[in-house]
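J.: Pasted the sequence and its predicted model underneath.
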Amino acid sequence: MKYITYVNQLIKELVAEPEEIVIFGQNVSAGSCISGLTRGLTVKKDGLILNTSNSENSLCGIGFGLMLSKVPSIFFMKQQDFLLLGIDHLVNTYNFIRTKKPESSFTIFTPIIDNGYQGLQSSLNNFSDFCSIARIPGYAITNKVDAEKILKEHLISPGFRIIGISQRLCSEEILCPSLVNTDEKGNIFKYYSGNDATIVCFNFSFPQGLELYNKLKQENINASLFSVSSIINGDWSKIISDTSITKNMIILDDSKSINLSCNSLIKDVLEVTTLKSNILLSRDLSGDWLSPNEDKLVIDHNQIIEKIKKNNLI
Amino acid sequence: MLNDSTFPKNNSNTNSFKLAQEVIRIRLSQMLINELIKKKEFKIPIHLAFGHEAIAVAISNIMDKDDQLVLSHRNIHYNLARLKLLKPELDEYYLKKSGLAKGILGSMNLANEDKGIIYTSSILGNNLSVAAGLALGKKVKNETGLVTVVTGDGAMEEGSFYETLVFLKSNSLSSFIIVENNDWSLATSINERRSHIDIEKLCESIGVDYERLEGNDVYAYQKKMIELKKYAIENKQPICIEVNLTTLGFWRMKTNEFPLGKFVNYHAGNAPDINLLDSYNFFIIDNSEKDPVYVLKKYFDDNLINETSKRILNELKCELKEEIK
């Protein structure tokens, strides 16, 4: 099943449950329904599905207004960079809202434009940037396991959050890794355990992280594989404890921002652990990264394999 | 406008006189706060609303239990009108736990859910769409009541004004959008900062009903607002109400171009030209229709207003005995 189909199926099930919910946004029940994300949604008779005008700033405020009315709602937005128009609400209105105990749910659900062939608008591909500006809980969906946990836990629950999906992954088959553990809120997922290396994926780099895990395994290098879904209130302790065993940390972050979420993890790990290798795989933006391009986090697997083998005397 | 022949002129025992007392109380409360601002008592910015009292009292007075009010950074007049007390508001300005919002919101975001003030924003235009969300919430929950959002001639320049009008109209949401047009945004008048915007025509283009209020007559305002509220609820319509008013107070900014000082209308902080003096008519700032307290003279004679003002000032001083000793 495709990534977008699976996410859509989960959303369909969840929004059909509450007695009263407002689903709104541009073309949520028209045309392609945001490339299939909101296709076929139905709500109970006291709910409402609203195709709105193009007014992202106001639509963010309307969601917060509904929240103050104690009416749960989901604003499905076509793409994350449109959310730039709503930043005032993400900061100022949310700051007012969180002076109170939330009784209702407001979720902004948006694809992150991380397909480089979209041109200029794909430069803002860091989901965490939006979460960081006002410490907003935000959850990135990268596979079947995190999709299920995040959507069931957060799509409709008291409070405000943003949920992001990757446009690049929409037409791909959804990945289904084995889960070792996650925390109560689905901030960090651990998929595999190994003693030779610790792989940690940020933003939407999980597919590349899983590929790297498999390549290492073929070379008898057993790695642990983590994916960080949410940077807010993330507890690094499980990752730190894993790196204290493996001594080799490999971080993947496919975002293009100067401020990478993984910097906080690197700092915390280095404070308590002496690593044999600390490999950060991030975007090379030294060339032309603004024109339409493949826009992929490129990984030299052989180089990493050599380095880990050398460090671990494998 | 009220028919003067039916108005109980000079009868201080009627319900009608309560409106006048409210206008005076809000005026005097602000005068006391202004004196405290002059003494640099507060760490937070405060935006006084001298000259805005009539519309605030009229709106507060027509609010029913299910009605909701959404305010902006200049909210003191509405908060005082709804709460009918000064001390909790003042304590909020002092950021005390005993403040109206436990010292959490300060002045520019001060809301009071118990009195129907659901949300207040310091950001121009921000509150409009939140009000639209509240109105949509009422529709979804099939609740009665009207959502009123207060904005100004500066905030209506933001795109969210237009976006919100379109949303309210598109979804048939009963609501008032009050544009307090005082001509000024920070230190620039409308003529200095932009071309003229005809709000009536803008509303007409979207199909939103429009009404203009002017004259600062609390009785006329209340009468009109009752009619408009009935219309908005029965017809499930937003109504944009432009209220022409003057924020009383000013200062002069000396520049090379204006060595004697350029007139700048009051925006925030203390109003240096307004003083709480022990004199006759001390409660009037401007002897014209710009001043809602002056307008009360149309209905009541000087002595009654003067005696009432003295009594209210004493009551307020008793309420604030710690703060103004």
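T.: Sure, I can see it.
J.: Name the SS class of the residue of chain B found nearest chain A, please.
T.: Residue nearest to chain A within chain B: B:G133 (1.7 Å; C-beta to the nearest C-beta). C-betas here are computed from N, CA, C, even on glycine. Three-state secondary structure (criterion: DSSP: H, G, I helix; E, B strand; the rest coil) places B:G133 in helix.
J.: ok, the closest residue to it other than its chain neighbours - contacts?
T.: Excluding the flanking residues, the one nearest B:G133 by C-beta to C-beta, 6 or more residues apart in numbering or on different chains is A:G65, at 1.7 Å. By C-beta atoms under 8 Å, 6 or more residues apart in numbering or on different chains, the contact set of A:G65 is B:119, B:129-137.
J.: Drop anything exposed from those residues.
T.: Restricting those to buried positions leaves B:119, B:129-137, with burial counted as 16 or more other C-beta atoms under 10 Å in any protein chain shown.
J.: what's the most distant pair in these?
T.: For these, the maximum inter-member distance is 13.9 Å, found between B:Y119 and B:L136 (C-beta to C-beta).
J.: Now the residue nearest to B:G133: which helix or strand?
T.: For A:G65, the element it lies in under DSSP states H and E is helix A:56-68.
J.: what stretches of chain B score poorly on pLDDT?
T.: Filtered on pLDDT under 70, chain B yields the residue ranges B:1-13, B:325.
J.: can we see that at 90?
T.: Along chain B, the model assigns pLDDT under 90 to residues B:1-16, B:186-187, B:253, B:255, B:277-281, B:321-325.
J.: Spell out the residue ranges of the helices in it.
T.: Assigned by DSSP state H, the helices in chain B fall at B:15-38, B:53-62, B:76-83, B:87-93, B:126-140, B:159-170, B:190-193, B:199-206, B:218-235, B:292-295, B:302-319.
J.: now those as CSV including distance to A:C33?
T.: Rendered in CSV, the data for the helices of chain B read as follows (distance: least, C-beta to C-beta, whole Å):
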stretch, distance to A:C33
helix B:15-38, 51
helix B:53-62, 41
helix B:76-83, 42
helix B:87-93, 46
helix B:126-140, 21
helix B:159-170, 20
helix B:190-193, 42
helix B:199-206, 27
helix B:218-235, 33
helix B:292-295, 53
helix B:302-319, 58
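J.: which of the ones you listed sits most buried?
T.: The highest average neighbour count among the helices of chain B, using mean count of other C-beta atoms under 10 Å in any protein chain shown, belongs to helix B:126-140 at a mean of 28.
J.: near chain A, which residues of the stretch 101-250 of chain B show up?
T.: Counting by C-beta under 8 Å from any C-beta of the partner chain, the stretch 101-250 of chain B comes close to chain A at B:101, B:104-105, B:109, B:111, B:118-123, B:126-138, B:140-141, B:159-160, B:163-164, B:166-167, B:170-171.
J.: Excluding residues flanking it in the chain, which one is nearest B:I324?
T.: Leaving aside its chain neighbours, B:I324 sits nearest to B:K317 (6.2 Å; criterion: C-beta to C-beta, 6+ apart).
J.: Quick check: the one you found vs B:L85, distance?
T.: Computed with C-beta to C-beta, to the nearest Å, the distance linking B:K317 and B:L85 is 14 Å.
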